Every structure is written in structure tokens, then in C-alpha cells.
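Participant: The following comprises the amino acid sequence and a computationally predicted model.
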Amino acid sequence: MTQRASNPSGEQRTGATGRPATIDAGAELDPVHPVELPDPPAGGGLTSAEVAERVARGEVNDVPVRSSRSMAEIVRANVFTRFNLIIGVLWVIMLFVAPIQDSLFGFVIVANTGIGIVQEWRAKKTLDSLAVIGEAKPVVRRDGTAAPIHTSEIVLGDLVELGPGDKVVVDGTVAEADGLEVDESLLTGEADPVLKRTGDTVMSGSFVVAGGGAFTATKVGREAYAAQLAEEASRFTLVRSELRSGISTILKYVTWMMVPTAIGLVISQLVVKDNNIKDSIARTVGGIVPMIPEGLVLLTSVAFAIGVVRLGRKQCLVQELPAIEGLARVDVVCLDKTGTLTEGGMDVTELRALGGADEPYLRRVLGAFGASEPRPNASLQAIIDAYPAPAEGGWPVTGTLPFSSARKYSGAAFTEDGGASSAWLLGAPDVLLDEGDPALAEVDRLNEQGLRVLLLARARGELEAADAARGAEPAALVVLEQRLRPDAGQTLAYFADQRVATKVISGDNAVSVGAVAGKLGMPGAEHPVDARRLPADQDEMATVMEENAVFGRVTPQQKREMVAALQSRGHTVAMTGDGVNDVLALKDADIGVSMGSGSEATRAVAQIVLLNNSFATLPSVVAEGRRVIGNITRVATLFLTKTVYSVLLAVLVVCFQVEYPFLPRHLTLLSTLTIGVPAFFLALAPNTERAHPHFVRRVMRYAIPSGVIAAAATFVTYLIARSHYAGTGALDAETSAATLTLFLVSMWVLAIIARPYTWWRICLVAAMGLAFLVVLAVPWLQDFFALKLVGAQMPWTAVGIAAVAAVALEYAWRLVGRRFGA
């Protein structure tokens, strides 16, 4: 180990290996307590013994990987809630003062909590197993051999290799650099890539956009620059969800309403009314419990969890749960052509020599060009497959220029047979050639057929020069055929059917991209737009984006600007991609979707990773999100209708100074049949409606009038029954009549929410009604639930009042629908 003390001059010190080590002049170093840093490893990396030594000292990258909540956190989140506390206290009271049937609500809460824990645990298992599959494994050099390892196995001083698309997983110092360009925008906000040379610092959280190299790990674990941020931000979370924040808002309002109402009810039942103390307590609890929409939070968690499990079976990793919800709100999907509409591989179909160039010589150049790149992209891999370099006698490489999405070409220089030197460029013809070059006409004809065309040109100047492409002499066109994904056309058709606009955004030639999109039947493919001619003004760009569907020659920065332009018009934008050029746009989009085979950087910033690399999985994600949001909106109306009528009934009881009409057992029965069981089935049913904003407003528009009508109808029945019945058992008869009205009105609310009807929805509503009839018909159930209709006049009056309430409900729902929209 070499000790480094304070060194204001920034001069070099020599380590044990005899190599100079650069000191960061901006670093704060303690002159009294020198900091020990590892010696740089030799080119072969650390030895096994050195690795073991560092592991023993705890110098490992022990930052927790992206992970779901622990089992303890899941149990704690489901058990220790505000409403569970309230209901738990009331349950304990009821166990002492009333029969067991009045304590059924407590057992329901226990069952609900258990279901929530089990479903979240299933989701956790799914997420954790998929995360292992999708985990990026950096390539580390040890004992002279490079091999991929888990990020958590990196130790201080490891030599980590880098290539295009690789994420820098720990802080370090560059040990080798070959045109290494690193994008640090996710850390610094600086959009332009930074060219790194030997001795420069690289920070965790940045990623490679071009070139390659290796760096020595100098900070690992929680000391790394982005580790603390990643530890918090990279967990599977339920944050940034309109659905969950909306429910939290509703629960806050419910608490505010519940507290004063419950206090008034307690005083009314225990002080003002001179009744049996135990019966008064039971009826007070019966008034408080139904105010709490306890099942709403449970069903939301269960719906999300089941969504994760369903998508997991389709090899879709949801890295942030709100992404399921977010994709359901999406109205524009931006697609990267390569890897999304087309498969990753390509085939060389033709080599067209230009200017009388010798084709065998050009094949030799392409073979040497392919051999010069250790990590070829899909285009260069196709060239390597078609024109492999000879096993012996290959041309020595004297210089390289890595491919960059920004400049659209790469380069290599060789010493040919006989000692002659040559430099070559390979890339986009419309970038390397002047605008009027005759070769471009031939390129356009090929692009119109959906073929990808690269130009091989001899460079006149140095590869490192900023104008390396200036005056390049065209030598050949390399024609590549792209393999269309067989399911891409169906997926595009699905989005069109669901009124979700699709935009193809590609770095390739616009005409070629349009031809590919046209083969898949995409509307607007016949009018591709060259992004180099896009207006710089965001509003003007948004107009062009809305009016067109296919864009070519798009730079990484432009992809980001396009997403921002669409968002400025109020669109919810999803972005799919697999290359390093998609990272910034994926990060800025409302929902980022990456392919499993994509670069480490794209997988790191995406909320959803399609591990099976199938674009066709995306409709399943959209459908799952719509199911979750649409159905939770439905069932939230059920739960909040109960809360509204419970609060109003309590207020009316206090104002009229009468006994509360229900015992806990009555409302447990009603809640189970009209809310609990139906809500569970409705929450998991298919739903293709696009999600709408303003969840709270949409729910309360229907819940408030429904609750008011239910409370008014029930209380009118109760007051009439109080004047109708007298003597022993009158209160039980009054309660039964009020229960009948409330059940029928609640069933009508359920019948409205269950629309549009399907056979199973009709059966669901009918089964709930039949279950209530069974309770009324079977003597021991009558006794258990204290429900017995006395006489004929009052029960039929209760039915008549419920019928009037049903008409009022229909009118109120239609009025709200006409005024505010569905």
C-alpha cells in the first residue's frame, strides 16, 4: 500500500509498483491522518490472494442491490396501520361487551391483513427472482483473466473493463482508455459526453457512450459517489403514484370526518340515551367501524402485487410499481426502431463498390475494420460475420475512432501489406457524404426498401480530428437487411386500437425507418421526418411531433428534447429503447421501458425491463395498468359510499337523539355482501379503459351522492319503523327494516358499478342478493345476525323506499356523468 498525504502542488508520487499515481488536486486529504489507497493493479488485475485479502478487510462493494421490501417491512406495513389500530381497539372492546357475532369485523381485518401480506410476499419473490435475471454483471480482470461478476463482489483495487453501454458501477481511476467517452449527465446534468484519458476519474452512475477501456476501483460500497442515491432511489417502491397518493388524501379526509362524528356518537349513545350500557357500546362501535374504508388500501396493494406477479410470468420486470399505473395513463409511446421493431441481428446482403474500387480489397478492409473493434454493435457484427478477418496475416491497427450515436460513424487506421498506411470511416452515408453527392441517390433507393446502408470511406486526415469526415473518399456501400420482429405489427395495431399514438424515433436514415414502419402497417410511415430539420423551438417541435409518426437521424439529445416537447403538450410519454443512445430519453420519459438485452445503462434507468426482449409484452403491461387503475377507481366508489352513509347516519342519530340503528354484525354482513366480496372480484377483472387523471375527484363525484341517498333512505325507513313498532323487540324490528333498505340501496350501487354487465358480473350481483335472502330465510342465521322482518307492511315499505332511492341513484349517476364525463 502507498500512503498519500496532503500535496498542494499536485505532483506525482510513486507507489510500490514504481508507476506514477495521479493525485486529485481537488480532493480533501488529511495531512495528519494519511489516507491509504490501493496500488493500481497490473494489466492483469488483482490476484486471487489480493482479492481475498480485501474481502477480509471488508473492502467490498456491499451496497444493497435493487430490492423489494423485506418480509419484516411487508408485515409491518400491513399490520401497523392507523385504521388497524382503531379497529383493533374497538375489536378488543367488543370481545368483552358483546356476542362474538358483533366482533366479526375484527376477524375480517385479520383475514384482510393476511391476504395483503401473502400477496406482497408473492410479488416480492417474483421481483427478486427477476432482478437476479436482469442484473448487470460488470467484467472484472483478475489473475489476467476477464470474467463477469456480481456488482457486490467488486473489491477495492479491482480492474473493471468498460465498453459502449456499460454502467460505471463504482468510483475509480481510468487505467486504460481507447476513445473512452463517458456520459455523466445523470450525475451532473451536463449533456455532452466527457472524453476520458488514463488517470481521469470516473464516477458511479455514469455510463459509456463510445469507446472502451478499464478503470481501477478506488471507492466501493457506500463510499461511492452515487451509492447513497442509488440505495434510496433504486428500491422497488410504491411512491409517485397518483392512485396511492389519492387514496392517502381520501383517508386523511375520512379521518377528519370520523373523529368529531365518532365523539358525537359516543356521547349520544352513552350519555343522552338511557340504555343498557353494553348495548349502547355495541351500537356505538357499530356506527364507528363502517366509517373506516379499511379494505381500500388492502385491495390497492393486492391489485398492484397481483399485477407484478402476472407480468413476472411474462418475463417483465417492474422496477418501480407505479410504472404499472403510469403506463396505463400513457397516450404516446416513443419507440426506438432497432431492437424494438426490428430484432438485434442484421445480415449483409450486398457490397456495392463505388468509383471503381476493387471489391476483394474492400472485403479485406471491412475484415480488418471488424477486427479492430472488441465490442462491435449489431451493424459491425453483421459485417464481421460476412467478411471475417484472416486468422493470420491481418493488418495491424494503428488507430481507432469508436462509434458514437452523436457523430454517426466510427473509424480505424491500419498498416497494410507492404507498409502502406490507410484510415477508414464507416457510418451513415448522409453524414459522411456532401449533400449533392450522386451516391446518395442510390442510398435513398435502398432506404426506400427498408434496407440499412452504411458507407465505407477512406479518410483524408487524422481520425482524431474534429472534421475527420471532411473530404472522405467514398469506397463502397454496405447494404444490411434488418430482421423485423414477427409480433411488432400486432403490437402497433394494439396501440392504434387503444388510441395510443406511436412515434418511431431512430438514429437511422429517415427513409429507411419509414420503410420499415410501413412494412409493419404503421399509420404515417409514408411521411418520415429527418430530425436534422426539426425546429429548435420546443412548441414548434411539439407540433411536428404530434403531426408525424416516424423520425430518423435523431441524436440522443434530440430524443430527450422530443420527449420534453410531447410532455409540454400534456402528453404522458413512454419511451422504449435498448441502446446507450436511449438512456437520457428513457430517464426523462414518464415511463422508461428497456429490453433485457439492452445496455446496462438503459436497464438501470428504466422502470420496466422486458427480460424476454419482446416488444409484444408491452400491451400486457398497459392492460395490467388499466386493470389496476380502472378497477380500483370502481371499488373505491363502493368503499367510500359506505363511509359517506356511515358518517351521515351517525350525524342524523346525534341530531335526532335516537339509538344507532345497527349493531356491528349488521354492517359486517352488509359490507361483506355489497362491498368486500364483490370488490375483490371487480378489482381483479379485465379493464381496458385508459386511465384518467384526478382520481379523488372522480371517485367522490359518485361516492358522495350515493352515500347521501343511501343514508337518507335508510334513516327515513328507520324513523317510520320507530313509529310503526312498539313494545318488546321493537328496536330489533326497526333495525331489521333499516338493514333491508340499506342492503337494497347498497346492492343498487353495486349493480351500477358492475356495469357493463357480463355473465360473471350478473352472477356476482345475483349471488350477493341470494346470500342475503338465505340469511333472512334460515332461522339460525336470523338469530346469529339479529335480523327478523316483522309483519308485512313495514318490510314492504322498506322495499318501496329502497326503490325510490334506486331511481334517485340512477338520476344522480347520469347527472354526474353528463356534467363531468364518465
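Facilitator: Done, it's in.

Participant: Next one, pLDDT for the residue nearest to residue 569 when sequence neighbours are not counted please.
Facilitator: Nearest residue to residue 569, sequence neighbours excluded (Cβ to Cβ, 6 or more residues apart in numbering): residue 542, at 4.9 Å. C-beta coordinates here come from the backbone N, C-alpha and C atoms, glycine included. With respect to pLDDT, residue 542 scores 94.

Participant: how near is residue 542 to residue 682?
Facilitator: 38 Å (Cβ to Cβ, to the nearest Å).

Participant: The residue nearest to residue 569 contacts residue 566, doesn't it?
Facilitator: Yes. Counting by Cβ atoms under 8 Å, residue 566 is a contact partner of residue 542 at 6.3 Å.

Participant: So if I had to pick from those two, which one is more boxed in?
Facilitator: More neighbours surround residue 566 than the other of residue 542 and residue 566, with 25 against 20 (other Cβ atoms under 10 Å).

Participant: Please give the element, helix or strand, for that one.
Facilitator: Using DSSP states H and E, residue 566 sits in helix 556-568.

Participant: cool, and residue 445?
Facilitator: Taking DSSP H and E as the definition, one finds residue 445 inside helix 439-447.

Participant: Off-centre distance for that helix?
Facilitator: 40 Å (Cα atoms, centre = their mean, to the nearest Å).

Participant: Next one: residue 634 from residue 247, what distance?
Facilitator: Note on residue 634: its distance to residue 247, by Cβ to Cβ, is 14 Å.

Participant: Not counting sequence-adjacent ones, nearest residue to residue 663?
Facilitator: In space, and not counting its chain neighbours, residue 663 is closest to residue 286: 4.9 Å by Cβ to Cβ, 6+ apart.

Participant: show me the contacts for the one you found.
Facilitator: The contact partners of residue 286, by Cβ atoms under 8 Å, 6 or more residues apart in numbering, come to 102, 660, 662-664, 666-667.

Participant: ok, now with 7 Å
Facilitator: Shown in contact with residue 286 (Cβ atoms under 7 Å, 6 or more residues apart in numbering): 660, 662-664, 666-667.

Participant: for the record, mean pLDDT for the helix or strand hosting it?
Facilitator: Secondary structure from DSSP H and E places residue 286 in helix 277-288. For helix 277-288, mean pLDDT rounds to 77.

Participant: Next, the buried residues of it.
Facilitator: For helix 277-288, the neighbour count (16 or more other Cβ atoms under 10 Å) marks 279-288 as buried.

Participant: ok, now stretch 719-729?
Facilitator: Across stretch 719-729, burial judged by 16+ other Cβ under 10 Å covers 719-722, 724-725.

Participant: next one: stretch 767-784
Facilitator: Going by neighbour count (16+ other Cβ under 10 Å), the buried part of stretch 767-784 is 768-769, 772, 775-776, 784.

Participant: which stretch of helix or strand covers the residue most central in space within the chain?
Facilitator: In the chain, the C-alpha nearest the mean C-alpha coordinate belongs to residue 323, at 2.6 Å (Cα atoms, centre = their mean). Residue 323 is located in helix 322-329, with elements delineated by DSSP H and E.

Participant: now for that helix, which elements pack on it?
Facilitator: Here helix 322-329 touches strand 591-595, helix 618-656, going by 3 or more Cβ pairs under 7 Å, 6 or more residues apart in numbering; DSSP states H and E.

Participant: per-residue confidence averaged over the helix or strand just after it?
Facilitator: Following helix 322-329 in sequence order, the next helix or strand is strand 332-335 (DSSP H and E). For strand 332-335, mean pLDDT rounds to 91.

Participant: Note down every partner strand of strand 332-335 and its orientation.
Facilitator: Strand 332-335 has its sheet partners listed here by DSSP bridges as strand 501-505 (parallel), strand 573-577 (parallel).
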